[in-house]
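Asker: output the structure for:
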Amino acid sequence: MLLPNFKKHLIEKGGLSETEFLEIERFIKIKKISKGEFLLKQGVVCNYSFFVEQGVLRFYALNEEGKENILQFATESWIVSDRGSVFFQEPSTYYIDAIEDVVTVLLDEDFVNKVASVNAHFRKENEKLLQNHIRHLYKRISQLLGATARERYLYFVNMYPDIMLRVPQWMIASYLGITPESLSRVRKALSKENFKPY
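Answerer: Numbers count the residues shown, from 1 in each chain. Below you'll find the model as predicted:
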C-alpha cells in the first residue's frame with residue numbers, strides 16, 4: 001500500500017533518504033479502522049503510537065459523569081498515543097477512536113530501532129518531534145487555564161486548519177473546554193468581523 005504521508009514524514013522530519021525508506025518499508029505495520037471504531041480503550045495497555053496516514057482520530061477521556069474531555073485530534077501526518085501507557089506498560093485511562101475511516105501506521109520501539117539501524121540520525125530527529133509535542137501540550141494547558149473562549153478557538157483554528165468541516169461542533173467545544181453554546185457565540189462574533197476559519 002502506498003503511504004505518501006508517512007514516507008514524506010520519515011524523509012522530511014526523520015531525515016531518511018529514499019533508499020533508506022525502501023530498506024525499512026517491509027517493517028511498516030498498517031491498521032485500518034472504520035468510523036466509530038477504537039484503536040484504544042480505557043483499561044487496555046497501549047502498545048503503539050499511531051501515525052495517521054488518512055482520516056481523523058480523537059484522543060479523549062471520560063469523567064465520572066461519562067462526559068467526554070477531548071485532549072487531541074489527529075489528522076493526516078499527526079501522531080497520537082497514550083505515551084504513559086506505552087512507556088510504563090500500564091492500562092490506559094484514555095480512548096482513541098475514529099471520527100472518519102482511518103488508515104494508521106503502527107509505531108513501536110521495535111520499528112524505531114529498525115529505522116535507527118538504517119539511519120543513525122533518526123533517533124535524534126524522533127526525539128525532537130517528541131519534545132515539540134510536549135511543547136504543544138504545555139501551550140494547550142496554558143490555553144485551558146488562562147485563555148478566553150475566543151483565544152482558545154483562534155488557537156484551535158491555527159493548530160487544526162483543515163479540521164473544521166470534518167469534526168462535529170460539539171467535539172470542538174469539548175476540546176476547547178467550553179459549551180457548544182459558547183462556541184456558537186464565539187463563531188458568530190468572529191463571523192461579524194469577516195473571520196473565515198477555512
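
Asker: quick one: low-confidence residue ranges for this structure.
Answerer: The chain contains residues with pLDDT under 70 at 1, 196-198.

Asker: mind listing the strands for it?
Answerer: 29-33, 38-40, 49-54, 57-62, 68-74, 79-80, 95-98, 102-107 (DSSP state E).

Asker: indicate which one of those strands is closest to residue 128.
Answerer: strand 79-80 (12.9 Å; CB to CB). Backbone N, C-alpha and C define where each C-beta goes, glycine included.

Asker: straight-line length of stretch 102-112, end to end?
Answerer: 22 Å (CA to CA, to the nearest Å).

Asker: pull out the buried positions in it.
Answerer: By 16 or more other CB atoms under 10 Å, the buried positions in stretch 102-112 come out as 102-105, 107, 111.

Asker: what's the longest helix in this structure?
Answerer: With secondary structure taken from DSSP state H, the chain has its longest helix at helix 122-146.

Asker: that helix - contacts with which helices or strands?
Answerer: Under the contact definition 3 or more CB pairs under 8 Å, 6 or more residues apart in numbering; DSSP states H and E, helix 122-146 sits against helix 109-118, helix 149-159.

Asker: how about the strands of the chain in CSV, adding distance to residue 3?
Answerer: Formatted as CSV, those follow (distance: least, CB to CB, whole Å):
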stretch, distance to residue 3
strand 29-33, 8
strand 38-40, 17
strand 49-54, 5
strand 57-62, 16
strand 68-74, 16
strand 79-80, 14
strand 95-98, 18
strand 102-107, 7
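
Asker: who does residue 79 form a beta bridge with?
Answerer: With DSSP bridges as the criterion, residue 79 is bridged to residue 51.
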